[in-house]
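model the following, please.
(2 chains)
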Amino acid sequence: MTEDQVRQFLTTQFGPEGWELALLLDNPGSPKQLCIVLRDREKLLDLMYLLRNDPQWRFDQLIDLAGVDYLNYPDAQERFGVVYSLLSHESGQRLWIKMMFDEPDLRIPSVAEVWPAAGWMEREVYDLLGIVFEGHKDLRRIVCPEWFTAHPLRKDYPLRGMGERESLPVVTREDA
Amino acid sequence: MAYDLEKVRTDDGLGEVWTLNFGPQHPATHTTIRLVLKLDGEKVVKCTPHIGYLHSGFEKLGEDLDFNQYVVVTDRMNYVSPLANNIAWHGTVERLMGIEVTPRCRFLRVIMAELSRISDHLLSVGAAALDLGAFTPFLYGFYEREMIYDLFELACGHRFTNSYTRVGGLSQDIPDGWVDRCRVFCGRLPKALDDIESLLTTNRIFVDRTKGIGVVSRDEAIAWSLTGPLARASGVRRDLRKDEPYLCYEEFDFKVPIATGGDCYARYLVRVEEMRQSLRILEQALDKLPVGPVSVDPNTKMTLPPKREVYGSIEGLIHHFEMIMPNRSFTPPLGEVYHANETANGELGFFIVSDGGPRAYRARCRPPSFIHMQAMPLMIEGHQISDVVAVLGSLNIIAAELDR
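Reported below is the predicted structural model:
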């Protein structure tokens, strides 16, 4: 799987717009990890289905789904990115897809239909960053408590929290 | 298999589905995991895991701690094999910065990773047996783990939560006589494994309680992103040590056990055999351990120089200052990197986004326990309530990695 093959594949499927290919990191001595950067939300689900089903690629395993808040990142054009790490068991190839999008619309399609493993991973991204995955059957908080309102992993949420700990309700034996 | 709640018919004709809280405090849920089970008599009809009891914001801390400071947080993720987490974290940081560690460091990291794998599997097998009522294999396993703890303590000063690795190498070299003690341990372990196996592998009760329970097919294992012994017990032929070799695994001769059953018994067998193969790697690594420095040259400004130079020469002092003072130490390139290690639980990967500063902009851990817990309803629905314990034991869920 070379960069040119991926580029050709994407051009035939989606045309020249809405995506670009990049290396995750361009540094001598570091691994060359190919990443498709998507800016068009409509293309995401189609791309994922194609990558899973197409006999040329067969990316059958979703390794990781990470959300990143690029608020303070130098030269960032969009605030949020969701990074999908894919693995093909047949060829042993890995591929990354970065879905970049910005406020105010923080909804992107859910890939839980494509790979069931995405279920909890998307819930965690929703919980910690506030990105809503449309089409997810059970989008609710997973690591934070249910009554929590903020999205802690965002860059504008301070490390020590906003006083939720001090304002926890006190339940006595008589009340409970 | 999933049941449709509206169409459930119970044996006693009551037409009720009981909700049972397999609460966060329970000896068999390894630390705080909550399962809400809906039971049709004794059969589990629906299982909903609730997690987050141990969420400590490790990923948020990663944005505030230096690359060397964060290693103490990675210790506390999969805390039964902390060194494996350290090695994975610093492996990723070194990939980010393009650093090549010294041969001795690579061999030592492999030795520590395999010792951690043996430690993790001993606990996992022991705890799985303990939950089913077999107390003795647990104690046999823990005696060997005590020896591993002693080895870790000799090497880095901590029995547990070691933080042994640093960027560019290790915090310190192993002392004299460590290799011989490790060889003594390698001599003891096969007998302990034989003892454990003689109590469990052909034990009628253990086999009945684990065979056919929690079956996951190969396609399901891939679709649900299972990795490690869980996937290999379902027939997925993948081991990162062989497929994407990191450190110096390509120099060792070892086999990867694969089972096809996909049930709890297969996972147990895979874990025991993995321990034996880890022992082979350990013995080969101890024989081939090269001499030399254990960290990269301090001139590259990636590691702390030895104390004798810090106090004795001006270059050492300057290097030390540059490394320790905040906002002066690391200058990684802008970009992102993902690197995964094959730990005892599966593929432990770190995804680091770097903005050029000494702290990671985003330090994401790909936690195998979290992803395996997601497949728990898949494995348990349709089985009896007493099988919940068997399945949980075979999954080896570490709650700190689950919640981070």
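
could I get the contacting residues of the closest residue to residue B:240 other than its chain neighbours?
In this structure, residue B:240 finds its nearest non-sequential neighbour in residue B:342, 3.8 Å apart by CB to CB, 6 or more residues apart in numbering or on different chains. C-beta coordinates here come from the backbone N, C-alpha and C atoms, glycine included. Residue B:342 makes contact with B:228, B:239-241, B:348, according to CB atoms under 8 Å, 6 or more residues apart in numbering or on different chains.

inside helices: which ones of these?
B:240-241 (DSSP state H).

which of the contacts of residue B:342 has the largest number of neighbours?
residue B:348 (31 neighbours; other CB atoms under 10 Å in any protein chain shown).

which positions in the stretch 201-350 of chain B make contact with chain A?
Residues of the stretch 201-350 of chain B lying close to chain A (CB under 8 Å from any CB of the partner chain) are B:222-225, B:236, B:238, B:243-244, B:333-340, B:347, B:349.

recalculate using a threshold of 10 Å.
Proximity of the stretch 201-350 of chain B to chain A (CB under 10 Å from any CB of the partner chain) is limited to residues B:218-227, B:231, B:236-238, B:243-244, B:332-340, B:347, B:349-350.

what about the residues you listed, which are in helices?
Counting by DSSP H, those place B:218-223, B:231, B:243 in helices.

got any ranges where chain A has weak pLDDT?
Low-confidence segments of chain A (pLDDT under 70): A:176.

nearest to chain B: which residue in it?
residue A:29 (2.7 Å; CB to the nearest CB).

identify the farthest-apart pair in the ones in helices among the residues of the stretch 201-350 of chain B next to chain A.
B:220 and B:243 (20.6 Å; CB to CB).

between those two, which is the more surrounded one?
Using other CB under 10 Å, the more surrounded residue of residue B:220 and residue B:243 is residue B:220, with 16 against 13.

that one touches residue A:60, doesn't it?
No. Contact criterion CB atoms under 10 Å: residue B:220 and residue A:60 do not qualify, at 11.4 Å.

related to what we said a few turns ago, CSV please, covering the ones in helices among the residues of the stretch 201-350 of chain B next to chain A and showing pLDDT and distance to residue B:388.
Listed next are these as CSV, based on pLDDT from 0 to 100; distance: CB to CB, whole Å:
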residue, pLDDT, distance to residue B:388
B:218, 90, 24
B:219, 89, 24
B:220, 88, 19
B:221, 89, 20
B:222, 89, 24
B:223, 89, 22
B:231, 91, 21
B:243, 87, 33
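
tell me the centre residue of chain A?
Nearest to the geometric centre of chain A sits residue A:82, at 2.5 Å (CA atoms, centre = their mean).

residue A:130 is in contact with that one, correct?
No. Assessed by CB under 10 Å, residue A:82 is found out of contact with residue A:130, at 11.9 Å.

circling back: list the residues that contact the residue of chain A closest to chain B.
B:94-100, B:333 (CB atoms under 10 Å, 6 or more residues apart in numbering or on different chains).

element containing it, please.
Per DSSP states H and E, residue A:29 falls between elements, in no helix or strand.

would you list the phi and psi of it?
Backbone dihedrals for residue A:29, given as degrees, to the nearest 10, come out at phi 90, psi -10.

likewise for residue B:20?
Torsion angles, degrees, to the nearest 10, at residue B:20: phi -120, psi 130.

just checking, it touches residue B:43?
No. Residue B:20 lies out of contact with residue B:43 (CB under 10 Å); the separation is 11.8 Å.

can you get me a residue count around the residue in chain B that chain A sits nearest to?
At 2.7 Å from chain A, residue B:98 is the closest residue in chain B, using CB to the nearest CB. Using other CB under 10 Å, residue B:98 has 15 neighbouring residues.

quick check: the gap between it and residue B:303.
Going from residue B:98 to residue B:303 by CB to CB, to the nearest Å gives 14 Å.

tell me the phi and psi of the residue nearest to the centre of chain A?
The phi/psi pair for residue A:82 (degrees, to the nearest 10) is phi -120, psi 120.

so who does it touch?
A:38, A:44, A:65-68, A:97-101, A:108, A:111, A:121-122, A:125, A:129, A:131, A:133 are the contacts of residue A:82 under CB under 10 Å, 6+ apart.

who does it bridge with?
Note on residue A:82: beta-bridge partners residue A:67, residue A:99, judged by DSSP bridges.

is the one helix or strand residue A:121 maps to anywhere near chain B?
If you go by DSSP H and E, residue A:121 is part of helix A:118-129. Yes. Interface with chain B: helix A:118-129 contributes A:118-121, A:123-124, A:127-128 (CB under 10 Å from any CB).

which one of those residues has the most neighbours?
residue A:121 (28 neighbours).

quick one: what helix or strand has the residue lying closest to residue B:123 once chain neighbours are set aside in it?
Distances taken as CB to CB, 6+ apart place residue B:80 nearest to residue B:123, at 4.9 Å, with adjacent residues excluded. In the assignment (DSSP H and E), residue B:80 maps to no helix and no strand.

confidence score at residue B:80?
pLDDT, the model's per-residue confidence, is 89 for residue B:80.

may I see the buried residues of stretch A:142-149?
Burial within stretch A:142-149, assessed by neighbour count using 16 or more other CB atoms under 10 Å in any protein chain shown, is assigned to A:142-144.

next helix or strand past the helix holding residue A:121?
strand A:132-134.

strand partners (parallel or antiparallel) of that following strand?
Assessed with DSSP bridges, strand A:132-134 is paired to strand A:107-109 (parallel).

buried residues, the partner strand. List them.
Buried residues in strand A:107-109 (16+ other CB under 10 Å): A:108-109.

from the chain's centroid, how far away is it?
Relative to its chain's centre, strand A:107-109 lies at 10 Å (CA atoms, centre = their mean, to the nearest Å).

same check, this time on stretch A:23-42
The answer for stretch A:23-42 is 14 Å, by CA atoms, centre = their mean.

equivalent analysis for stretch B:51-71, please.
17 Å.

so is that stretch next to chain A?
Yes. Using CB under 10 Å from any CB as the criterion, contacts between stretch B:51-71 and chain A involve B:51-57, B:59-61, B:63-64.

likewise stretch B:17-34?
No. Applying CB under 10 Å from any CB, one finds stretch B:17-34 separated from chain A by no less than 12.0 Å.

now do the contacts for residue B:394.
Neighbour list for residue B:394: B:124-125, B:128, B:131, B:210, B:213-214, B:229-230, B:233, B:263-268, B:270-271, B:372, B:379 [criterion: CB under 10 Å, 6+ apart].

one more: residue B:354?
A:25, A:27, A:73, B:67, B:93, B:96-97, B:330-337, B:360-363.

I'd like to know which of the residues you listed are buried.
By 16+ other CB under 10 Å, the contacts of residue B:354 give A:25, A:27, A:73, B:67, B:93, B:96-97, B:330, B:332-337, B:360-363 as buried.

which parts of the stretch 1-150 of chain B are helices?
Applying DSSP state H, counting those that start in this stretch to the stretch 1-150 of chain B gives helices spanning B:58-61, B:71-75, B:82-97, B:103-131, B:136-156.

among the ones in helices among the residues of the stretch 201-350 of chain B next to chain A, who's most crowded?
Busiest of those [other CB under 10 Å] is residue B:231, holding 29 neighbours.

so it sits against residue B:222, correct?
Yes. Here residue B:231 reaches residue B:222: they are 7.4 Å apart, a contact under CB under 10 Å.

give the burial count for residue B:384, as a bare number.
Using other CB under 10 Å, residue B:384 has 14 neighbouring residues.

spatially nearest residue to it (excluding sequence neighbours)?
Nearest to residue B:384 is residue B:42, by CB to CB, 6+ apart, at 4.8 Å.
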